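Undergrad: Next comes the sequence, and after it the predicted model I'd like to discuss.
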There are 2 protein chains.
Amino acid sequence: MPVNYATPAPEALLPVAGVRLGTAEAGIRKKNRRDLTLIEFAPGSHAAGVFTQNRCCAAPVTLCREHLATDGSIRALVINTGIANAATGEQGMRAARDTCDAVARMLGCRADEVLPFSTGVILEHLPVDRLIAGLPAAQADLAADHWHAAAHAIMTTDTVAKAASRRVTSADCQFTVTGISKGAGMIRPNMATMLGFVATDAGIAPALLQKLAKDAADASFNCITVDGDTSTNDSFVVIATGASGCMIDSEASPHWPAVRDAVIGVAQELAQAIVRDGEGATKFITVRVGGGGTAEECRLVAYAIGHSPLVKTAFFASDPNLGRILAAIGYAGIADLDAAGVRVWLGSGAEEVLVSENGGRADSYREEDGSRIMQAAEITVRADLGRGVAQATVWTCDLSYDYVKINADYRS
Amino acid sequence: MPVNYATPAPEALLPVAGVRLGTAEAGIRKKNRRDLTLIEFAPGSHAAGVFTQNRCCAAPVTLCREHLATDGSIRALVINTGIANAATGEQGMRAARDTCDAVARMLGCRADEVLPFSTGVILEHLPVDRLIAGLPAAQADLAADHWHAAAHAIMTTDTVAKAASRRVTSADCQFTVTGISKGAGMIRPNMATMLGFVATDAGIAPALLQKLAKDAADASFNCITVDGDTSTNDSFVVIATGASGCMIDSEASPHWPAVRDAVIGVAQELAQAIVRDGEGATKFITVRVGGGGTAEECRLVAYAIGHSPLVKTAFFASDPNLGRILAAIGYAGIADLDAAGVRVWLGSGAEEVLVSENGGRADSYREEDGSRIMQAAEITVRADLGRGVAQATVWTCDLSYDYVKINADYRS
């Protein structure tokens, strides 16, 4: 059960002009499951993406980078679940290329206008023949209002489909931004999440679109962690179809702030949904670290807290064993951190209590306050490092029996 | 239940000339539990130690560093469990100083010849009056053959006491090396484990003793991880009493290799015992990474594998979901790692199978081989990075339901 998250209703996911989606059962790994998704874009659409920094990245990630290195024009995404096509060597690269070739023939476009994505088990080969055989059914299913079905079709260990949608008006232009994501474990994105796709009908110049993709990833998928494992397949792509008829050529465009905020807002909703649906999660934790010399050192500390199995099990137990947070701050890797200058607060909703200052427990802190806040489903840990003005935020979840159960049973 | 580990029998723990140990119930945090340990050394003994790099280190760690910065002469260790005296500010420092002063008065030595150690809950104050009130009982209990009782008294979440002992003969000298350690969670030492103490009756010159402590820590406690959490209280101390009458002044001494090997051997046994007793552990995993450009990059990879919750849950499930190992290698942080050059083997006992090469699954690898090896209680993951000759080893354990249970319930 995700923490305070439910998939938006189908009608809440607004169609994006120039985008159609179709799903099909290709039998990639399991039968009777829609495991193949095709997303088609109108001619003139452009894409930009950010991808995993994992050196053992999956074949489709390599091919996405190659295809986006041309002119960024895009006609389709093809996404399969079941097999990640990662650690599959040359055979995996051929499978990804064959997939793109088949989609290109079917849609009448160039292969480098197709981006492939896979998610599932690593080190096993993609049954590319079954995938290609399933493409016509996905094409036949293409429709502008199939975002909800696509969000379901890209799930693996997710317990809920993740999607978000916004409509913004800027001057006389109206734009729609709709996106979907998947992921629940192997989540410590390093440039993007497992899979996230956000489309808008704004027209956005390619260089600006690339900046937007990176800014949106940095403000969303790059701020989350479930288990600290960076996937081989992390991919986040923003597609701008231009079908609204309004074009954004530069950051000086009057439409830029509204579209930028909408894309980042959708990306944050999608990223937080992944944490709320984190494997075994019972709590949604926001870790805000401020007072740092640099944003990077704030991120180090926030991730040390967000990754610590001891901190995460304490949240699961609703036990204010808050010394574990201090320990994580201490080992985060800031060599000259002055522990006496660190302050830590614990909060939920409108309440926030000072837990620690001057290298020890705050005089005003009372265990019953900590205990009460730890019962909440949404908790904020705030730390001030007392050495500057930089800050960073990480969203994470607790570590429960079910995380172990889900990951011990994943392949069975 | 630890993985293939049992505490040695009392008679297997050889007394070290010049060392006596006593334990007592001080009621630090729980009643009816020997939670106070005093280890007394004959005049002329020297100590050297390595301590946590955690910036939020505990008060006793700060005081140990201060006391060892004088001449390294040592007359006693005083160790309490229950409260870690970490993140306790100035009051914590006063408690640690008062403890050393009380021991010094009792034994008739200088306060800086006493080293204090605490382990237990962080962010709570040490009841120093109860600790000091318990000292006379610990003194009354002092005996040369109380290593077994001391190993028990320093336990917290440990399920077994950890101790090791060796006797070595070099030329006409006979030396004894005996040590104890504690730790089961919050284990990712960064200079030393939670607590480890090794004593020998060899005489070792102070500078050489410091080198030995560091070398032994690097070859033992700095090669283990349970949950990746570096404790605030990690301490490892080697004490040389010189009571054997044989002195080692330099590395040129004919006795040096035998004593060095014995100390490192005891330290490795103690460190591995901590992993075997890792919270919830059902498997003991050795991760050997070779073919690296530097030892440091091999350690990065070995720890990435050893920390990955996904790898650790796969071991718990005996599921050869080995792509997770490849993923961990890929995100370990070697920016220019060529995934196609990496090879990975899985082994147990005399058997070892090649799992992956050329960026994918090895042609010779069969799932049933992986499944069979994964059933074993002791498993070796070996990786060759194909980029040099450096190597590193890390010992770790799996991640089970019980890890979560133990850490969710720790304070209750």
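TA: Yep, that arrived. Residues are numbered from 1 along each chain as shown, chains lettered A, B, ... in the order given.
Undergrad: and the lengthiest helix in chain A with chain B, contact?
TA: The residue-count maximum for a helix in chain A (DSSP state H) belongs to helix A:256-276. No - contact between helix A:256-276 and chain B is absent, the nearest approach being 15.1 Å (criterion: Cβ under 8 Å from any Cβ of the partner chain). Every residue, glycine included, has its C-beta placed from N, CA and C.
Undergrad: Could you list the buried residues of stretch A:355-367?
TA: For stretch A:355-367, burial by neighbour count (16 or more other Cβ atoms under 10 Å in any protein chain shown) applies to A:355, A:356, A:357, A:359, A:360, A:361, A:362, A:365.
Undergrad: So what sits opposite residue A:114 in the bridge?
TA: In this entry, residue A:114 is beta-bridged to residue A:76, by DSSP bridges.
Undergrad: Isn't it up against residue A:66?
TA: No - using Cβ atoms under 8 Å, residue A:114 is not in contact with residue A:66; the gap is 11.4 Å.
Undergrad: higher neighbour count, the two?
TA: Neighbours per residue (other Cβ atoms under 10 Å in any protein chain shown) separate residue A:114 from residue A:66, with residue A:114 holding more: 25 against 15.
Undergrad: Just give the number of residues close to the residue in the stretch 51-200 of chain A positioned nearest to chain B.
TA: At 2.5 Å from chain B, residue A:122 is the closest residue in the stretch 51-200 of chain A, using Cβ to the nearest Cβ. As a burial measure, residue A:122 scores 28 neighbours (other Cβ under 10 Å).
Undergrad: what residues are up against it?
TA: Going by Cβ atoms under 8 Å, 6 or more residues apart in numbering or on different chains, residue A:122 touches A:58, A:84, A:86, A:87, A:232, B:321, B:323, B:324, B:326, B:327.
Undergrad: quick one on the thing from earlier: pipe the buried residues of stretch A:355-367 into a markdown table and attach secondary structure, distance to residue A:213 and pLDDT per row.
TA: Shown next, in a markdown table, are those (DSSP: H, G, I helix; E, B strand; the rest coil; distance: Cβ to Cβ, whole Å; pLDDT from 0 to 100):
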| residue | secondary structure | distance to residue A:213 | pLDDT |
| --- | --- | --- | --- |
| A:355 | strand | 38 | 94 |
| A:356 | strand | 38 | 92 |
| A:357 | strand | 40 | 91 |
| A:359 | coil | 42 | 84 |
| A:360 | strand | 44 | 86 |
| A:361 | strand | 44 | 88 |
| A:362 | coil | 42 | 91 |
| A:365 | coil | 43 | 94 |
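Undergrad: gap between residue A:328 and residue B:303?
TA: Residue A:328 sits 16 Å away from residue B:303, going by Cβ to Cβ, to the nearest Å.
Undergrad: neighbour-wise, which of those two wins?
TA: residue A:328 (28 against 22).
Undergrad: Looks like residue A:152 contacts residue A:34 (just checking).
TA: Yes - between residue A:152 and residue A:34 there is a contact at 6.9 Å, judged by Cβ under 8 Å.
Undergrad: Which neighbours do the two have in common?
TA: Each of residue A:23 lies in contact with both residue A:152 and residue A:34 under the rule Cβ under 8 Å, 6+ apart.
Undergrad: quick revisit: not counting its neighbours along the chain, what's nearest the residue of the stretch 51-200 of chain A closest to chain B?
TA: Closest residue to residue A:122 apart from its sequence neighbours, by Cβ to Cβ, 6 or more residues apart in numbering or on different chains: residue B:323 at 2.5 Å.
Undergrad: again with residue A:140
TA: Per Cβ to Cβ, 6+ apart, closest to residue A:140 is residue A:22, 6.9 Å.
Undergrad: ok, then the element right after the lowest-mean-pLDDT helix or strand in chain A?
TA: Counting by mean pLDDT, DSSP states H and E, the weakest-scoring helix or strand in chain A turns out to be strand A:224-225, with a mean of 74. Per DSSP states H and E, the first helix or strand lying C-terminal to strand A:224-225 is strand A:235-240.
Undergrad: Could you check that next one and say which residues are buried?
TA: For strand A:235-240, the neighbour count (16+ other Cβ under 10 Å) marks A:235, A:236, A:237, A:238, A:239, A:240 as buried.
Undergrad: Dig out what the second one forms beta bridges with.
TA: With DSSP bridges as the criterion, residue A:236 is bridged to residue A:50, residue A:196.
Undergrad: Count the residues that sit near residue A:409.
TA: Per other Cβ under 10 Å, the neighbour tally for residue A:409 reads 12.
Undergrad: so residue A:198 makes contact with residue A:179?
TA: Yes - here residue A:198 reaches residue A:179: they are 3.4 Å apart, a contact under Cβ under 8 Å.
Undergrad: What's the local residue count around the closest residue to residue A:247 other than its chain neighbours?
TA: Leaving out its chain neighbours, the residue that sits closest to residue A:247 by Cβ to Cβ, 6+ apart is residue A:203, at 3.8 Å. By the criterion of other Cβ under 10 Å, residue A:203 has 24 neighbours.
Undergrad: for residue A:65, same thing?
TA: Using other Cβ under 10 Å, residue A:65 is surrounded by 14 other residues.
Undergrad: Distance of it relative to residue B:362?
TA: For residue A:65, the distance to residue B:362 equals 26 Å [Cβ to Cβ].
Undergrad: same thing with residue A:49?
TA: Counting by Cβ to Cβ, the gap from residue A:49 to residue B:362 is 31 Å.
Undergrad: got any ranges where the stretch 301-412 of chain A has weak pLDDT?
TA: In the predicted model, the stretch 301-412 of chain A carries pLDDT under 70 at residues A:410-412.
Undergrad: For chain B, what's its nearest residue on it.
TA: For the stretch 301-412 of chain A, Cβ to the nearest Cβ, closest residue to chain B: residue A:323, 2.4 Å.
Undergrad: List the buried residues of stretch A:392-411.
TA: In stretch A:392-411, counting by 16+ other Cβ under 10 Å, buried: A:392-408, A:410.
Undergrad: Let me fix that, I meant to ask about stretch A:308-326.
TA: For stretch A:308-326, a neighbour-count test (16+ other Cβ under 10 Å) marks A:308-326 as buried.
Undergrad: same check, this time on stretch A:102-111
TA: Neighbour counts over stretch A:102-111 (16+ other Cβ under 10 Å) mark A:102, A:103, A:104, A:106, A:107, A:109, A:111 as buried.
Undergrad: next one: stretch A:240-247
TA: By 16+ other Cβ under 10 Å, the buried positions in stretch A:240-247 come out as A:240, A:241, A:242, A:243, A:244, A:246.
Undergrad: quick check, nearest of these to chain B?
TA: Nearest member of those to chain B, counting by Cβ to the nearest Cβ, is residue A:240, at 30.0 Å.
Undergrad: And the pLDDT at the closest residue in space to the closest one that isn't next to it in sequence?
TA: Once flanking residues are discounted, residue A:240 sits nearest to residue A:204: 4.0 Å by Cβ to Cβ, 6+ apart. According to the prediction, residue A:204 has pLDDT 91.
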